[in-house]
Each structure stands twice: as C-alpha cells, then as structure tokens.
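K.L.:
fold the stuff below for me.
(chains A and B)
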Amino acid sequence: MSEPKLSTVPVVRVLVTKVGLDGHDRGVKVVARMLRDAGFEVIYGGLRQTPQTIAETVLQEDVDVVGLSMHSGGHLTLAPAVIEALARRGLDVPVVVGGIIPERDRATLREAGVAEVLNPGASEGQVVAAVRRAAQRRAAPATPGGD
Amino acid sequence: MTRLTGREDWERQYRASPSDVVENTTMSGLEVDPVYGPDDGEFPGQWPYTRGPYASMYRGRLWTMRMFAGFGTAVDTNARFKELLGAGGTGLSVAFDLPTLMGTDSDDPAALGEVGKSGVAVDTLADMETLFDGIDLGSVSTSMTINSPAAIVMAMYVAVGEEHGTPRRRLAGTLQNDILKEYQAQKEYIFPPRPSVRLVNDVVRFCTAEMPLWHPVSISGYHIREAGSTAAQELAFTLANGFAYVEAARASGLEVDVFGKRLSFFFNAHIDFFEEIAKYRAARRIWARWLRHRYGATDERAMQLRFHTQTAGVSLTAQQPEVNIARVAIEALAGVLGGTQSLHTDSFDEALALPTEKAARIALRTQQVIAYETGVTAVADPLGGSYFVESLTDRLEAEAEAIFAHLDELGQGSILEGVYRGIEEGWFQGEIAQASADFERKVNDGRRVLVGVNRFAQADEPEADILYIGAEAEALQRRRLADTKARRDGAVVEKALAKVRQEAARPETNLVPSLLEAVRSYATVGEVVGALAQVFGTWTERAVV
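P.N.:
Numbering: from 1, shown residues only, chains lettered A, B, ... in the order given. Okay, here's the model as predicted:
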C-alpha cells in the first residue's frame, strides 16, 4: 500500500479518521473505500483520535489532505482544534469535514479554516471532487521543500 | 404436549388473555378474527412463536410507545421527562451523551465539545438525582441506553430509588448493557471483551436475584444494522450475541429458565418492508429453537423472544427531510406487522441534528396513526401464510443458521468463544464494512434509489429548522461536577474505588455491590471506569476498512 508509485501524477495521500469519542464509523469506512477506488492513497486513522494524534500522523505519514467524519455534534469545537494542532506543527494541510453538520455551521467551519464541508448523503463524485479540490489548493502555493 | 389442534389450543389461550382494546371490524363493518390460519397450523403464542409470543397480540395489549430523549444537563432532560409523563407517557428512555457512554467525565479534556450534545451528561449520582427528581420510580419504567458503563449507571438508578424510598425490587426498566455489539458495530467499548462480558453477567446475576422487574440486557441488532449490515447479518449477529450471553450466564451457575425470561431484544426497522417483517418472525423462531434444543430451556417464557424496535436512522436523508416522515411510517408499520412489543419512531430531522419537539411529536403521532386508525392491530401476524413472507422467513433463518455454524466452529463448540474470536479477528467488523460498501456502491450507480438523494433531487432546498445545542451545557455541567467534587468526602471515594479495584480482580465476585457503594460516595463515572480499567485494561480495535 505505501510503496511509492513511479508516475508523473503525484499520488495524493489522504488521512480519513474520526476525532473525539464518537464511534459511528460506517461513513468514514465508506469514504475510505471511495477514495481508495478513486486512486488516492488512503490512510485509515481509526477511532477516537485527538487533534494531537492526527497532527502526529499527518507529520509521520506525509499526508496531503485530512478527512474528518463527525456525527456527535462536537464539530465546531473539534474541527478547529485539529486545524490548530496542525498549524502548531507548521503543517499547512487542508481539512475536509463530513457527517452530520447542520447547514448553519458550514460557514463557521469554513471561517475556522475547514477547506470543504460534505453533506450527509454526498455522492462518491462529490466526495472525490472535494478531496481533489482540497489537494489542489494545497499544491498551488509553493509546497515547503522535501516532497 | 396436547391433543388439541393448533386452533383449539390457541382459543384456550386467547380466552385467558386480556380483553380487546382495539376495534375489530373493518370500515365496511366486516368483523375480523384475531388471527387467521389453518386449524392445524402454528398460531400466535405457540411454539416456536414465529407468529408472536402472545395469543392475543395487540388485541390484548398495544406495543409501548417509548420515545428516546436526552440532551444537555440533567436539569434539561428532567424537564423533558416531566413533559413526556405529563402527556400520558408511562415509560422513559434515557439518551446519554457520548462522554457518559464512554465513561469519560465532563471535565476530561477528551470530552471537549461533546458534553450534553447527543444526550444527557451524567458524571455522578448527583446528576441522576436531578435527572429523576420529582419522578416516582415505582410507577414508571425506565430504559437506559448505555453499555460499557451500564453497571455503574444502573447502580446509580438503584441508589436514587433508595433515596426516594423505592426498593430495587420495584424498579422496572431495561438496561441496554449489550457490550458484544459494541465491538462489532457501535464501537463504544472501553475494556476488552472478556472482562466486559463479566460485567454484563454480573448485572444479569444481580438482577436475577434482586430486581425481578428489570431487564438486565437488551440484545441489540439495531446498531449492527446502522453500521451497515444486511438484515440477515443483523438477525444472525444479534442472536449469536444472545447465545453468547446465555452461555456466559449458564457458566456462572444461573438457570436458563430463570434468567432467560429477563432477556429482551432490540431490532432495527429498515426500509425493505417484507424482509424486515420476515426478520422478526425468523428471530422468534430461531431463539425458541436454540433456547430449547441447545440450552435446555423448558419454561416457555425463556424461549419467547420479545423485542423493541426503532426505525432506521441510517435510512433518513438530510435532503428533503420531510420525506423521512413517510419512510418512518413504513418502517414502523413493518415493526408492528412483525409483532414488536415496543417501538421508537425516529424524527424526520434526525439526519440533521437531535429532534425538535415538533419533529418528535410527529414521530409519536405516526405510531398513534398506525395503532388507532389503520386497523392493523386487530389481527395477529396478518402476513403469516403469505407465500412471500413465509419464504423470506425461512431463507433468513437459513442464512442465520449458516452464520451460527461458522461461529460455532470458530469457537470449537462454543458460540461465546466464537463471538470473542470473531471480534478479535475483526470478522464481524469486516463483514459489516463489506455489506455497507456494497450498499453504497448500489446507491452510487443508481441500482438502489434514495428518493431526494440519487433520484428526484431538488435544488435550492430551504434550510431546515433544527434543534441547536450550544456550548452552554458543557460549561454548566463542568460547574455541576466541580460542585459535587467539592462537597463529597474524598476519603470515602478513595476507599470505595479501592474496593472496586479489589473486587474487579476476583472474577467470581459480583461487582454490582461495590459499584453501588462507589456511586453512593459520589465517585464519578470516569473514576469508577478508571478503577476498573486498572484491572481490566482497555481495548483498541484492529481497524478493518
């Protein structure tokens, strides 16, 4: 899985994970498979991750995009906490959030720096497109060396 | 057993049942019988109970309309409970927040952002005192949906009863306390499977001896289905978990005829109408056969499967949410035609947030329409004898039997060991993930239609009106907890926790009495869980995608 591929198209590495105490993992697993089928390199972070463990994984695994699946109502606290933990380590990695997110919270999440917010029931096409957009946005500014 | 025909035997039972509570004529004035079928066939209330546990079914007693509620602090939820009881409800059903479900206190950094969000926050006995303040525990029945810390929370309920002067033998209700499906599906586990099952069984032992009106475990397929399983997997995994608890209880010296009567079940009602009905019918038949033949039950009540149903949260769509009212009605009808004893109908806005009061009322009214307007309650098992439903019932039973055979082999003749291995090896989790992915693929390529999502979608939907829980509850709950901690006697707490650790290390000792002592000292759920974890360890799953 983690063998680097020889290709002109760089492989996008996506971490999909849960943050906080919520164990509802049907959605996150479905998304992991969708992204894998679409050619992304997917790292499944599993349950009960904290902002710190997520930032650690991003650093260790050289992740390009973080996908958070949230169903517990804690997104307004937890998603910004993940962004902050990434920033504290100097990681400029886009965060995509999906799950049970009320309409009125979407703008708040974007203001807090969330790159994309997915609706419940988002199609495979929408999920893949959102992650691609997030990855491109990251690739556009000069990537800090080492890639 | 008896020389009577099926019908004669049924008639005898029926006459001894409670009298009619439902209209028994059609709108044209045609009188309908309480049940239909050939004289020598199987009737409701008869082995193996495919057609229902009771001869009279809803003519004797309607299902319980039990609506799940909980949010914010105990003060908020207590007010909601009083409203529900004031509106004529007799049953309460407590939804706890995620930190409570995970045994994490509200002041723990890991609880950040989740306190009081998806249920009520309970940290100490003080919160349970507030939650049930002014409610007569001797006249309500209370269902508590909690698993890993279930024994601790039940101990709190018993302690509140004592304070009110209601002895534990008069407390009626249900504790979910089904840890096995947590490892398989919902993932709210703390300790490893074996010590967790010991805790479940300690509660079963305690209740069998001291709480005759209490259901100590509600064996739940609901969450297995919500995690993405098929109906056949929901049926098979749930019943296998049930067999596992029976084996654990028997190994601890309990008689199957005694504790078997206190076990109850909880199934999903999904949208595939006839398959759901067949699932409930198959469940009753399988349970009866296994309890009698494999586990030696002789008391009929220990063989009769009774269940609660909830409509499928996962079938609700965030798109055009009002359409969910129709989905819920169809799913609830399947539960009723399948003979459920109790029903929760989801609110149409639950793909977006916790329900608003209006949405919750519509959900309850949906049950009342089915109960009082449609006439479906007049006849027990009205689909019995349908070629299609009978065939589906048989086929689901066969699918489930194949899964039991696999688990029996995994466990070398023990379903309990087979279930442990299936969890440890990620077998259940992998099967569920595969079924869920298969379904999703069908939705994506349009073979499965979701109205409003992959067909009949509507642009520019107006924003829905939802229940919004702000951050205030979290701050308030932290203050409540700090208050309680300041008022309690630290030395008493320490002593009680030391006792919990000590008894946890002795597998034959029933932990419930020492848990009772700990909660009476106002030890927090997190402290008690911490004490147990020092002995039991904690569990991390092998991730299976």
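
K.L.:
C-alpha only now, for contacts and for neighbours.
P.N.:
OK.

K.L.:
which positions in chain A make contact with chain B?
P.N.:
A:20-26, A:29-30, A:32-33, A:44, A:46, A:50, A:72-78, A:100-103, A:119-121, A:123-124 (Cα under 8 Å from any Cα of the partner chain).

K.L.:
one more time with 6 Å, if that's ok
P.N.:
Residues of chain A lying close to chain B (Cα under 6 Å from any Cα of the partner chain) are A:Gly23, A:His24, A:Arg26, A:Lys29, A:Val30, A:Gly73, A:Gly74, A:Thr77, A:Ile100, A:Pro102.

K.L.:
weed out the non-buried ones from those.
P.N.:
A:Gly23, A:His24, A:Arg26, A:Lys29, A:Val30, A:Gly73, A:Gly74, A:Ile100, A:Pro102 (16 or more other Cα atoms under 10 Å in any protein chain shown).

K.L.:
grab the nearest non-local neighbour of the fifth one.
P.N.:
Okay, so that is A:Val30. B:Ala437 (5.8 Å; Cα to Cα, 6 or more residues apart in numbering or on different chains).

K.L.:
quick one: the helices in chain A?
P.N.:
A:26-37, A:51-61, A:75-88, A:103-111, A:124-139 (DSSP state H).

K.L.:
output the buried ones among the residues of chain A next to chain B as JSON lines; include the columns distance to B:Glu322 and pLDDT.
P.N.:
Formatted as JSON lines, those follow (distance: Cα to Cα, whole Å; pLDDT from 0 to 100):
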{"residue": "A:Gly23", "distance to B:Glu322": "27", "pLDDT": "89"}
{"residue": "A:His24", "distance to B:Glu322": "24", "pLDDT": "90"}
{"residue": "A:Arg26", "distance to B:Glu322": "24", "pLDDT": "91"}
{"residue": "A:Lys29", "distance to B:Glu322": "28", "pLDDT": "92"}
{"residue": "A:Val30", "distance to B:Glu322": "26", "pLDDT": "92"}
{"residue": "A:Gly73", "distance to B:Glu322": "21", "pLDDT": "84"}
{"residue": "A:Gly74", "distance to B:Glu322": "25", "pLDDT": "88"}
{"residue": "A:Ile100", "distance to B:Glu322": "17", "pLDDT": "88"}
{"residue": "A:Pro102", "distance to B:Glu322": "16", "pLDDT": "85"}
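
K.L.:
who in the stretch 301-450 of chain B is up against chain A?
P.N.:
B:Leu352, B:Ala437.

K.L.:
okay, how far is it across stretch B:178-191, tip to tip?
P.N.:
Distance across stretch B:178-191, first residue to last, is 13 Å (Cα to Cα, to the nearest Å).

K.L.:
ok, residues contacting that stretch?
P.N.:
Residues outside stretch B:178-191 that contact it (Cα atoms under 6 Å, 6 or more residues apart in numbering or on different chains) are A:23-24, B:147-148, B:217, B:219, B:223-224, B:227, B:428-429, B:537-539.

K.L.:
one more pass at 7 Å, please.
P.N.:
A:23-24, B:101-102, B:147-148, B:196-197, B:217-220, B:223-224, B:227, B:241, B:423, B:428-429, B:533, B:536-539 (Cα atoms under 7 Å, 6 or more residues apart in numbering or on different chains).

K.L.:
so, low pLDDT: which residues of chain A?
P.N.:
A:1-9, A:140-147 (pLDDT under 70).

K.L.:
how far does stretch B:477-485 sit from the chain's center?
P.N.:
30 Å (Cα atoms, centre = their mean, to the nearest Å).

K.L.:
mean confidence for that stretch?
P.N.:
Averaged across stretch B:477-485, the pLDDT comes to 97.

K.L.:
thinking again about what came up before, buried ones among the contacts of stretch B:178-191?
P.N.:
A:23-24, B:101-102, B:147-148, B:196-197, B:217-220, B:223-224, B:227, B:241, B:423, B:428-429, B:533, B:536.

K.L.:
just checking, which of those residues belong to strands?
P.N.:
Residues of the buried ones among the contacts of stretch B:178-191 located in strands (DSSP state E): B:Ser218, B:Ile219, B:Ser220.

K.L.:
before we move on, which element is the residue nearest to A:Val30 in?
P.N.:
B:Ala437 is part of helix B:427-444 when elements are defined by DSSP states H and E.

K.L.:
do the helix or strand just after that helix and chain A meet?
P.N.:
The first helix or strand that comes after helix B:427-444 along the chain, using DSSP H and E, is helix B:472-487. No. Interface with chain A: helix B:472-487 contributes nothing (Cα under 7 Å from any Cα of the partner chain), its closest point being 10.9 Å away.

K.L.:
is it correct that B:Tyr222 is in contact with B:Asn268?
P.N.:
Yes. The pair B:Tyr222 and B:Asn268 qualifies as a contact (Cα atoms under 7 Å) at a distance of 4.4 Å.

K.L.:
can you show me the helices along the stretch 51-200 of chain B?
P.N.:
Using DSSP state H, counting those that start in this stretch, the helices of the stretch 51-200 of chain B run over residues B:74-86, B:98-101, B:125-131, B:150-164, B:180-181, B:193-210.

K.L.:
for the ones you listed, give me CSV that also has mean pLDDT.
P.N.:
Below are the helices of the stretch 51-200 of chain B laid out as CSV (pLDDT from 0 to 100):
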stretch, mean pLDDT
helix B:74-86, 90
helix B:98-101, 97
helix B:125-131, 98
helix B:150-164, 98
helix B:180-181, 98
helix B:193-210, 98
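
K.L.:
out of the ones you listed, flag the one nearest B:Val545.
P.N.:
helix B:180-181 (17.4 Å; Cα to Cα).

K.L.:
of the ones in strands among the buried ones among the contacts of stretch B:178-191, closest to B:Thr345?
P.N.:
Of these, the one sitting nearest to B:Thr345 (Cα to Cα) turns out to be B:Ser220, at 16.3 Å.

K.L.:
how many other residues sit next to the closest residue to that closest one other than its chain neighbours?
P.N.:
Sequence neighbours aside, B:Phe266 is the residue nearest to B:Ser220 in space, at 4.5 Å (criterion: Cα to Cα, 6+ apart). B:Phe266: 23 surrounding residues under other Cα atoms under 10 Å in any protein chain shown.
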